[in-house]
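Asks: Need a 3D model of the sequence below.
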Amino acid sequence: MNIRSITRSRPGRLIAAVVLTVTVATPPAVTNAASAAATLTVSQALAAQDGRTATVSGWVVGQPTATNTVITSGYTADTAIAIADQAGETSTGRMLYVQVTAAWRSTFGLLTNPSLRGRQVTATGTLTAYFSHGGLKNPSAMSLGGGATPSPTPTGTASPGAYYAAAAGKTGPALRTALHTIIKVQTTLTYDQVWEALKDTDQDPANPVNVILLYSGRSQHKTANGGGADDWNREHVWAKSHGDFGTATGPGTDVHHLRPEDVSVNSARGNKDFDTGGSAVAQAPGCYTDADSFEPRDAVKGDVARMILYMAIRYEGDDGWPDLEPNDSVANGGAPRLGRLTKLLAWHEQDPPDAFEQRRNQRIYERWQGNRNPFVDHPEWARAIWG
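Replies: Numbers count the residues shown, from 1 in each chain. Predicted coordinates:
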């Protein structure tokens, strides 16, 4: 059609028409492809520190404070984040330091938003050194999520997802090591903060002003917490005396194994190992206890097992805390051991993760600690590690 129009034009207008035709004929698909190609991984951005403007997608791993220093808790400012291609990255050499200017600090600053760590962020800005380190400065756009790497898969049975990429294809000790490296990157809470976390993570789906108590199964008002009769308090599923870690920040405040429970039922469980049998527990239908063990109700047997397995992988003794490990004993005393492993593995398979447990895992990841329980996402990994 344009050619026929050109033929009818006078020579003086023929040239202008040809130029216009060439410009308009550029296919939109080419423009879209170029835009998609502009989204870089962190490794690509680190290799392109030449002042270009680019879009980069990566996982928030902490706050850079110096050329070779990135802090993962106790954040001091909202002015910078470090991102990487893996959420569990610990080498600063594989991190991109992103400047967070005033327009973005309320949403992307770690001091204001500590739960941002472990989440995926996409930023557009200038690829140039920041803190004398590979960086992205003066962002013109920042958003949660991204196109360079898929988001974590909450139930994770089909694919490990980006969060677990370092564990893909592994089994046995290699899988254990990879998972430990991934999940030990977390925001730590104080024991007081645990109260507020549990009100969120254990919220009753049918009544948002209540929480569900772990062993009792009772729905109770969030504000009915404390130390009084029939209050709910903070149950350490991995008993804190098994390793003597108390309630100091660390395993004693890790929400992945802390749950709301009736004060008297919490006391009845005490620091006992887990096994079957015993006498019925008052106020906790389906639970039983004897001199050395506690049996939770059927609906949460798998939940209990997966919390114990998480603690064993998260706390390997390399960060100042005890090396926690399940075993087949119910006489562990103050040792950093908890049993009975064979029973826990059986419960894990008999009671697979349900919607409540999956939501809880996601909530802890998104809002509180920035790490996940791999055995909720990948139930098959329990046998891959413990046989």
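Asks: Regarding the closest residue to residue 167 other than its chain neighbours, what is its secondary structure?
Replies: What sits nearest to residue 167 in space, not counting adjacent residues and going by Cβ to Cβ, 6 or more residues apart in numbering, is residue 178, at 4.0 Å. All C-beta atoms are positioned from the backbone trio N, CA, C, and that covers glycine. Per DSSP: H, G, I helix; E, B strand; the rest coil, the secondary structure class of residue 178 is helix.
Asks: So residue 178 is in contact with residue 170, correct?
Replies: Yes: using Cβ atoms under 8 Å, residue 178 is in contact with residue 170, at 5.4 Å.
Asks: Around residue 384, how many other residues sit close by?
Replies: Counted with other Cβ atoms under 10 Å, residues neighbouring residue 384 total 16.
Asks: State which strand of the protein is the longest.
Replies: The longest strand of the chain (DSSP state E) is strand 53-66.
Asks: Does anything pack onto the next helix or strand after it? Which helices or strands?
Replies: Once the chain leaves strand 53-66, the next helix or strand it forms, by DSSP states H and E, is strand 69-71. If contacts are counted by 3 or more Cβ pairs under 8 Å, 6 or more residues apart in numbering; DSSP states H and E, strand 69-71 sits against strand 53-66.
Asks: to the chain's geometric centre, what's the distance from the strand it packs on?
Replies: Distance of strand 53-66 from its chain centroid, counting by Cα atoms, centre = their mean, to the nearest Å, is 17 Å.
Asks: check contacts around residue 329.
Replies: When the contact criterion is Cβ atoms under 8 Å, 6 or more residues apart in numbering, the partners of residue 329 are 273, 337, 339-340.
Asks: Can you tell me which of those comes closest to residue 201?
Replies: Relative to residue 201, the closest of the contacts of residue 329 is residue 273; by Cβ to Cβ it sits at 24.6 Å.
Asks: beta partners for the closest one?
Replies: Residues found in beta-bridge contact with residue 273 (criterion: DSSP bridges) are residue 293.
Asks: Also residue 63?
Replies: Applying DSSP bridges to residue 63 yields these beta-bridge partners: residue 71.
Asks: Check residue 141 too.
Replies: According to DSSP bridges, residue 124 are recorded as the beta-bridge partners of residue 141.
Asks: pLDDT below threshold where in the protein?
Replies: Under the criterion pLDDT under 70, the flagged ranges of the chain are 1-38, 146-161.
Asks: quick one, helices of it?
Replies: Secondary structure of the chain (DSSP state H): helices at 2-7, 11-24, 28-37, 42-46, 105-108, 172-183, 191-201, 263-269, 301-314, 341-350, 355-363, 374-377, 381-386.
Asks: Kindly reformat those as a markdown table containing distance to residue 74.
Replies: Putting the helices of the chain into a markdown table (distance: least, Cβ to Cβ, whole Å) gives the following:
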| stretch | distance to residue 74 |
| --- | --- |
| helix 2-7 | 65 |
| helix 11-24 | 55 |
| helix 28-37 | 38 |
| helix 42-46 | 24 |
| helix 105-108 | 18 |
| helix 172-183 | 19 |
| helix 191-201 | 13 |
| helix 263-269 | 30 |
| helix 301-314 | 19 |
| helix 341-350 | 34 |
| helix 355-363 | 22 |
| helix 374-377 | 26 |
| helix 381-386 | 31 |
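Asks: Give me the distance between stretch 307-327 and the centre of its chain.
Replies: Between the centre of stretch 307-327 and the centre of its chain there are 17 Å (Cα atoms, centre = their mean).
Asks: measure that stretch end to end?
Replies: Start and end residues of stretch 307-327 are separated by 14 Å (Cα to Cα, to the nearest Å).
Asks: Great, nothing more from me.
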